[in-house]
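Chemist: here is a sequence together with a model predicted from it:
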Amino acid sequence: MSSASTTSRPRGPGELGEFLRSRRDAFRPEDAGVVGYGLRRVPGLRREELAQLAGVSVAYYTRLEQGLSLTASDGVLDALARALQLRDDERSHLLALARPQAGRRRRAPRPEQPTPGGLALLDAMPGVPAVILGRRSDVLAWNPLGHALFAGHLDIASPADPATRPNLTRMMFLDPHTRDLYRNWDAEAVLVVSSLRFVAAQHPDDRALAELVGELSMRSATFATLWSRHTVELCSRGVKQLHHPEIGDLDTHYQALHLPGADGQRLLTHTVVPGSSSADALRLLQESILAPSVPRQSRHAAGLASN
C-alpha cells in the first residue's frame, strides 16, 4: 500500500475477501480430502474447490472474495468456516469482518486505565512477573518483577502516563531490547501481530488502534509483511523463551486472564518450573529488586494506581 492512511485501516470493504483468500491459500487440499488433479499454479485450495466444500456457487464465492459482494448469510459464513477448518478465534474474526456496522465513526482515542481488580491482582503476586495489557497492547500496569523481566531499561512508572506508556507491539518491532529479549523473536512477532489483527476487526472504530497499525506499517517492513498475511490467533497460554541481559536464558509459562469489567484488558502472568534453571534465574532477578541497596517500589510508588 502506498500511503499511511490506507495502510492504517484496521479493516475495510476488502478485508473479508483478503482474509478468505489468505486462509484459502494457507489450506492444504489433502486436509479436506481433495484429490489433486492438474498442475497447481497457486498454493492451497482453488476457488472452485472451496466453493464446492462450502456448498456455494463458484460465482458467488468469487464475488465475496473479490469484494464485489459484501454480504453473506450466517449459513454461508458457517459453511466457509467449516470448509476452511477455522479455529474459534478465526471464525470470530470472519464474522466480525462480515458484519460491518454502518454509520459508526472512529472514536477519538480514549486512554485505557487498569481496573482496581487488576491492580489488586498485581499486588497479590509479588513473586510472579505480571503485566496488565490494554486491548491495543498498551502496558497499563506491571508489578516490579514484571517490569524487571520485560522492560527493566524503561522507567517503571511509564505506564501511568497514557502519552508515554509502553506498547507491547511497538516494543516488539521498534525496541532493540525487546527484540533481543526473545530467543525466538520471529515466532513471537507472528503471535503479536495475529492478536492485534483479531482485535482490530472487533474494534473497527478505534482510531488509536488504526494509528498504531499505520505507524508500525510505515516504520517496520516486517510488521507490514506479517499484517498483510491476515493471520489471526488469540494465545491465552504458552511458553516464552527469553534471554535476559542480567540473568541469561530462561523459559516462562504464561497465562492470559481476561479481566472482567474491562474491554479487552488482560493480565499476563509468567511462572517457571520449580527447581529449574529458569526458577534459579528468576529468583536472582527478584533478589536484585529486593536488595537493600535498591529500595523496593510499591505499585503506587511506581505510578500504577488507577487514579
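Modeler: Nice, thanks for sending it over.
Chemist: my read is R24 is in a helix, agree?
Modeler: Yes - going by DSSP: H, G, I helix; E, B strand; the rest coil, the assignment for R24 places it inside a helix.
Chemist: burial count for it?
Modeler: 21 (other C-beta atoms under 10 Å). From N, CA and C alone the C-beta is placed, and that goes for glycine too.
Chemist: report the longest strand in this structure, please.
Modeler: Ranked by residue count, the top strand of the chain under DSSP state E comes out as strand 248-258.
Chemist: so what strands line up beside that strand?
Modeler: Applying DSSP bridges, strand 248-258 is found paired with strand 237-244 (antiparallel), strand 266-271 (antiparallel).
Chemist: so which of those is nearest R28?
Modeler: Closest approach to R28 among the strands paired with strand 248-258 (C-beta to C-beta): strand 237-244, 23.7 Å.
Chemist: check which residues of that closest one are buried.
Modeler: Buried residues in strand 237-244, counted by 16 or more other C-beta atoms under 10 Å: K240, Q241, L242, H244.
Chemist: A54 reaches R82, doesn't it?
Modeler: Yes - using C-beta atoms under 8 Å, A54 is in contact with R82, at 7.4 Å.
Chemist: quick check: the most centrally placed residue in the chain vs R229, distance?
Modeler: Closest to where the C-alpha atoms of the chain average out (C-alpha atoms, centre = their mean) is S195, at 2.3 Å. Applying C-beta to C-beta, to the nearest Å, the value for S195 to R229 is 13 Å.
Chemist: give me the neighbour count for R179.
Modeler: Neighbours of R179 (other C-beta under 10 Å): 14.
Chemist: quick one, phi psi at it?
Modeler: For R179, the backbone dihedrals (degrees, to the nearest 10) come out as phi -60, psi -40.
Chemist: now it, nearest residue through space, not along the chain?
Modeler: Distances taken as C-beta to C-beta, 6 or more residues apart in numbering place W185 nearest to R179, at 5.6 Å, with adjacent residues excluded.
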